[in-house]
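**Student:** sharing a sequence plus its predicted fold:
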Amino acid sequence: MFNKLIKSTVFFLVLHIYGACSPKTGLYDNLMQGIIAKPEILQLHRDSVRITIQGAVPLVYLNKDSKIYLYPEYIYGEGSLRLGEIIPFDGAYTKNLIDAKVDETIVFPFLPGMEKGQLVLKGMVEREKGTFQAPNKVLADGLETTPLLTRYGQVLPDQPIPDIGMYILRDFEDMNRTETREFYIPFDLGNAQKPSPVFPVAFSDYLIKGEPGMKINKVVVTGLSSPESKDNVMGLAKKRSDFVAEKLKMSRSLSNVRVESMYRSGDWFDLRQLLTDYEGITQEQKAEVYNVLLNGSSFASQLASLQKLQAYRNISRDLFPKLRSAKVSFELENTRFNDTEISASVFALLNSSSPLEGFGEDHLTYAAQNALKLDEKEAIYKKLIELFPTQLSYNNLGVVYLNMAQRELDVRRKNILISDALANLKQANKIKPGSIPLHNIGRAYLLRGDYFESYIAISEASGMEKEETNDFLNYNEGLRGALDIINGDYRLATIRFNRTVENESNFFNRGIAYFLSEDYLKAMENFEAAVQADRETGYGFYGLALVAAINRDRDAVMENLGKAVERSEYLKQRALNDINFQNYREGQDFINLFK
């Protein structure tokens, strides 16, 4: 490899020396006359350019003492890129030789500034008498970079930074914002009053401390009585309720809270509630008890039937005493879900290493979902993963890292953030495979520039969706179609966009796909739809200018290009180098657009 590089360098030096002084240079003027490039206009695919150099060197130049070297080179701006060496003839001459064939495919990377450039072929003939240079031949002038217009959420110089990726969202709209806490205040058998302290210790503590994030909206006291003969006294349940309600109204903790009083007697409702979690009898016995309590007969008749059951002894011993009480129900409002400062509050607690008392999974999820800043979201989702490692928490932290990487200028830091995003997104998909984590994995690879892996993940995400018209599939297919354009599959891209959301960027991308497929009528229809969807981006107008340039409609080019460059500095700079407008650049009307 090293010897070849030295040889190539020496040849170029000799080429310039001999080319400047040799009187026989004109002999090789037609050396490369039969050699062409396909396609004639270079085209960008992904991040590289593919070109095939074909043709033949005429027989007249093929001699036993001659070796012919061709050096393709892409020259742009102040730089150039040498693309190797082609040897169509190495001196092996035979009588049957007609010409020296050239058929070489070259792939070279796309670099900034290559939009305006030339693919030049340099020729050199090495003979015993010396080295001779043939005139350079321009094989292609300019580079078609229209695929770079494809929009997939990338950062553009004069546009707001778009958010990328999809969070898994919880719907808190229908969540029950009210909760109930119940306490039983016991009474002695047949009694409706109590000496101090009236309330048990746990109940008194609750009155004083309450619950973090919970506001007491209302208190309902329900007086009860048991079926026992000494407790089943008319008016006893009401007296118990009134007694407890009056004591609660005197509590400073409930000074602004409405306290309601009610009672139940001659009713089995509360016993049925207690039976739900009672384990003192078998399931068969519990079924017998329920049959009695729900048979629709009178309270006295039901009591008599219960007393005949084997289970009566246990329930009278364990459950009847709980009915000698007043039940206090606290109606609580979950204020965490109404606090507009919840995200900032949780973030502050995390930063200060304070305990998150009163914050459950729902609270943290709500806080992270409504946080406006990425660093707040990051901190809360990391805490969620620590406490509740779910698909949602891992996926959403991955999306946070995606958007941090989207905004990062330092390449090293950006790559670290992309790796962090991938690690969390893959864990989310491991916990529960889903189309949203796969979509985000595709986004991460796309941000890294790995189009192959990105396309695989995005395609798998679409494959997991069974309904052809669901919102996710419509969104995902838009990104998949954009990747098809980048990959050079323009026809396939037009099919993808038939399944996408109809918005400005998808109309524009579909127009680009049709434009590159040379279906200019449908391209124009979609660019017009893009303009109708959003005139302010300028992209739809730029697309219409591209179609007008193909149709050689100068007035339409100037009108639409003018509207595009007026709205976007990015499109303005691009138009100056766009090969599609090369036939218009010298005109004063074109120049006036950029003043």
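**Tutor:** Alright, I've got the coordinates. Numbering: from 1, shown residues only.

**Student:** what is the subsequent helix or strand relative to the helix or strand hosting F243?
**Tutor:** In the assignment (DSSP states H and E), F243 maps to helix 236-249. Secondary structure here is assigned by DSSP H and E; on that basis, the next helix or strand after helix 236-249 toward the C-terminus is strand 258-263.

**Student:** which stretches of the stretch 201-350 of the chain form strands?
**Tutor:** 214-223, 258-263, 325-334 (DSSP state E, counting those that start in this stretch).

**Student:** how about the chain?
**Tutor:** 36-38, 42-45, 48-57, 67-76, 79-82, 86-89, 100-109, 117-127, 130-141, 143-144, 178-186, 214-223, 258-263, 325-334 (DSSP state E).

**Student:** make CSV from these and add mean neighbour count to it.
**Tutor:** In short, each C-beta sits where N, CA and C put it, glycine included. Supplementary listing: those in CSV, determined by neighbours: other CB atoms under 10 Å:
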stretch, mean neighbour count
strand 36-38, 16
strand 42-45, 18
strand 48-57, 18
strand 67-76, 20
strand 79-82, 14
strand 86-89, 19
strand 100-109, 15
strand 117-127, 21
strand 130-141, 18
strand 143-144, 20
strand 178-186, 14
strand 214-223, 19
strand 258-263, 16
strand 325-334, 20
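
**Student:** which residues does the helix holding F243 contact?
**Tutor:** Applying CB atoms under 8 Å, 6 or more residues apart in numbering, the external contacts of helix 236-249 come out as 185, 187, 190, 192-194, 198-199, 219, 221-225, 254, 259-265, 325-326, 328.

**Student:** quick one on the thing from earlier: between the strands of the stretch 201-350 of the chain, which gets nearest to P147?
**Tutor:** With CB to CB, the closest approach to P147 among the strands of the stretch 201-350 of the chain belongs to strand 325-334: 51.0 Å.

**Student:** which elements pack onto the closest one?
**Tutor:** When contacts are defined as 3 or more CB pairs under 8 Å, 6 or more residues apart in numbering; DSSP states H and E, strand 325-334 sits against strand 178-186, strand 214-223, helix 236-249.

**Student:** CSV for the ones you listed, including mean pLDDT and distance to Q573?
**Tutor:** Formatted as CSV, the entries for the helices and strands packed on strand 325-334 read as follows, by pLDDT from 0 to 100; distance: least, CB to CB, whole Å:
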stretch, mean pLDDT, distance to Q573
strand 178-186, 90, 58
strand 214-223, 92, 57
helix 236-249, 95, 73
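
**Student:** would you list those in JSON lines and tack on distance to R151?
**Tutor:** Rendered in JSON lines, the data for those read as follows (distance: least, CB to CB, whole Å):
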{"stretch": "strand 178-186", "distance to R151": "45"}
{"stretch": "strand 214-223", "distance to R151": "47"}
{"stretch": "helix 236-249", "distance to R151": "63"}
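
**Student:** show me where pLDDT drops low in the stretch 451-595 of the chain?
**Tutor:** 468-469 (pLDDT under 70).

**Student:** contact partners for P162?
**Tutor:** Contacts were defined as CB under 8 Å, 6+ apart; by that measure P162 touches 153-155, 406.

**Student:** to clarify, my last question referred to V257.
**Tutor:** Contact analysis of V257 by CB under 8 Å, 6+ apart lists 216-219.

**Student:** can you tell me which of the residues you listed lies closest to V60?
**Tutor:** Closest approach between these and V60, by CB to CB: N217, at 101.5 Å.

**Student:** from D242, how far off is the closest one?
**Tutor:** In this structure, N217 and D242 are separated by 22 Å, where distance is defined by CB to CB, to the nearest Å.

**Student:** residue ranges for the helices of the stretch 401-550 of the chain, please.
**Tutor:** Secondary structure of the stretch 401-550 of the chain, counting by DSSP state H, counting those that start in this stretch: helices at 411-431, 435-448, 451-463, 471-487, 490-496, 504-516, 520-533, 539-550.

**Student:** turn the ones you listed into a markdown table, including mean neighbour count and distance to E386.
**Tutor:** Supplementary listing: the helices of the stretch 401-550 of the chain in a markdown table, determined by neighbours: other CB atoms under 10 Å; distance: least, CB to CB, whole Å:
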| stretch | mean neighbour count | distance to E386 |
| --- | --- | --- |
| helix 411-431 | 18 | 13 |
| helix 435-448 | 25 | 19 |
| helix 451-463 | 18 | 27 |
| helix 471-487 | 22 | 29 |
| helix 490-496 | 19 | 40 |
| helix 504-516 | 26 | 37 |
| helix 520-533 | 19 | 43 |
| helix 539-550 | 25 | 43 |
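
**Student:** sorry, back to before: JSON lines for the strands of the stretch 201-350 of the chain, including distance to D450?
**Tutor:** Formatted as JSON lines, the strands of the stretch 201-350 of the chain follow (distance: least, CB to CB, whole Å):
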{"stretch": "strand 214-223", "distance to D450": "48"}
{"stretch": "strand 258-263", "distance to D450": "62"}
{"stretch": "strand 325-334", "distance to D450": "44"}
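
**Student:** so which of these gets nearest G84?
**Tutor:** Closest to G84 of the strands of the stretch 201-350 of the chain is strand 325-334 (CB to CB; 69.6 Å).

**Student:** V49 is nearest to which of the helices of the stretch 401-550 of the chain?
**Tutor:** Among the helices of the stretch 401-550 of the chain, the nearest to V49 by CB to CB is helix 471-487 (13.6 Å).

**Student:** dump the helices of the stretch 401-550 of the chain into JSON lines; add distance to R317 as well.
**Tutor:** Converted to JSON lines, these look like this (distance: least, CB to CB, whole Å):
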{"stretch": "helix 411-431", "distance to R317": "48"}
{"stretch": "helix 435-448", "distance to R317": "55"}
{"stretch": "helix 451-463", "distance to R317": "60"}
{"stretch": "helix 471-487", "distance to R317": "58"}
{"stretch": "helix 490-496", "distance to R317": "72"}
{"stretch": "helix 504-516", "distance to R317": "71"}
{"stretch": "helix 520-533", "distance to R317": "74"}
{"stretch": "helix 539-550", "distance to R317": "80"}
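
**Student:** what about those, which gets the closest to L148?
**Tutor:** Each of the helices of the stretch 401-550 of the chain was scored for nearness to L148 using CB to CB, and the closest is helix 471-487 (8.8 Å).

**Student:** got the angle for that closest one vs helix 504-516?
**Tutor:** 40 degrees (axes from the mean of the first three to the mean of the last three CA atoms, to 10 degrees).

**Student:** and helix 471-487, what does it pack onto?
**Tutor:** In this structure, helix 471-487 makes packing contacts with helix 435-448, helix 451-463, helix 490-496, helix 504-516, judged by 3+ CB pairs under 8 Å, 6+ apart.

**Student:** adding distance to A92, write those out as a markdown table.
**Tutor:** Below are these laid out as a markdown table (distance: least, CB to CB, whole Å):
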| stretch | distance to A92 |
| --- | --- |
| helix 435-448 | 48 |
| helix 451-463 | 41 |
| helix 490-496 | 43 |
| helix 504-516 | 43 |
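
**Student:** which one of those lies nearest to L294?
**Tutor:** Between L294 and those, the shortest gap by CB to CB is with helix 435-448, which sits at 46.6 Å.

**Student:** now the angle from that closest one to helix 411-431?
**Tutor:** Interaxial angle, helix 435-448 versus helix 411-431 (the same axes, to 10 degrees): 160 degrees.

**Student:** quick one: contacts of helix 435-448?
**Tutor:** For helix 435-448, the surrounding residues in contact (CB under 8 Å, 6+ apart) are 152-153, 164-166, 168, 391, 394-395, 398-399, 402, 405-406, 415, 418, 421-422, 425-426, 428-429, 451, 453-458, 460-462, 464-465, 472, 476, 479, 483.

**Student:** sweet, I'm off.
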